[in-house]
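Asks: predicted model and sequence follow; I will ask about them next.
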Amino acid sequence: MEPVRTVSGKAYPWGAKNVDTDVIIPAHWLKTITRAGLGRGAFETVRAQPGNVFDDPDYAGSPILIAGDNFGCGSSREHAAWALGDMGIKAVIAPSFSDIFSGNAFKNGIVPVVLPQEAVDRLVEVAKTDEVSVDLETMTVTTPFQDRFPFSLDPFRRQCLMEGLDEVGLTLARDTAISKYEAMLDEHRPWIAGESNARTVVEGAGRT
């Protein structure tokens, strides 16, 4: 997972409320077990509508999505976060998120930014013409018009995002401590390590 410290650029000024994971990525796209290509299916039903924001060339490749209340509700499919990531989205700004979606976003390097509705409404307007910036260092969302909206994030999640650590990365970062612990188990509780060690212990006990 790549570190995320700032996300700046154009933003999709969508603002739709109660967007569930089936809207983010329809069920027939869930047959794949890879992330690559899921961006093509993202917001498929929305993209079927003429003049939709996701196919507007003015916002192509935007790293930020501005959405409405209760974003990511519905079924707990991680493919929703995968699809957003495959689109190039690094941050989603909304008044609230589904807890499961928020967790999936964090695990996939996407920053879920919670702001009051008034701030979201303002950002939707700004994003129609200008860029938006999300800064994890200062924990603020800013615009070229001196707008400055502070947001909060769980300190552990913030650290993981800024250091680019997912669950695998967190485990590997503790490799030295894990190796020392396993060596201690091999020495003091060899039967835990496996059948061959357990046989040695039993055979040794039989000779005493």
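Replies: Looks like it came in fine. In this text, all values refer to a predicted model and were calculated from it rather than measured experimentally.
Asks: only C-alpha atoms for contact and neighbour calcs from this point on.
Replies: OK.
Asks: residues near the residue nearest to residue 19 when sequence neighbours are not counted, how many?
Replies: Closest residue in space to residue 19, ignoring its immediate chain neighbours: residue 71 at 5.1 Å, by CA to CA, 6 or more residues apart in numbering. Residues lying near residue 71 (other CA atoms under 10 Å) number 27.
Asks: so residue 71 bridges to which residues?
Replies: Beta-bridge partners recorded for residue 71 (DSSP bridges): residue 97.
Asks: gap between it and residue 33?
Replies: Look at residue 71 and residue 33: by CA to CA, to the nearest Å, they are 23 Å apart.
Asks: report the secondary structure state of residue 126.
Replies: helix (DSSP: H, G, I helix; E, B strand; the rest coil).
Asks: which elements pack onto the strand or helix carrying residue 7?
Replies: Using DSSP states H and E, the element containing residue 7 is strand 6-9. Applying 3 or more CA pairs under 8 Å, 6 or more residues apart in numbering; DSSP states H and E, we find strand 6-9 packed against strand 64-66, strand 132-135.
Asks: parallel or antiparallel, which strands does the following helix or strand past that strand pair with?
Replies: Counting by DSSP H and E, the next helix or strand C-terminal to strand 6-9 is strand 11-13. Strand pairing for strand 11-13, using DSSP bridges, gives strand 64-66 (parallel).
Asks: quick check: residue 7 touching residue 139?
Replies: No: assessed by CA atoms under 8 Å, residue 7 is found out of contact with residue 139, at 11.4 Å.
Asks: host element of residue 187?
Replies: helix 175-188.
Asks: now residue 115. Nearest residue, chain neighbours left out?
Replies: Excluding the flanking residues, the one nearest residue 115 by CA to CA, 6+ apart is residue 95, at 5.0 Å.
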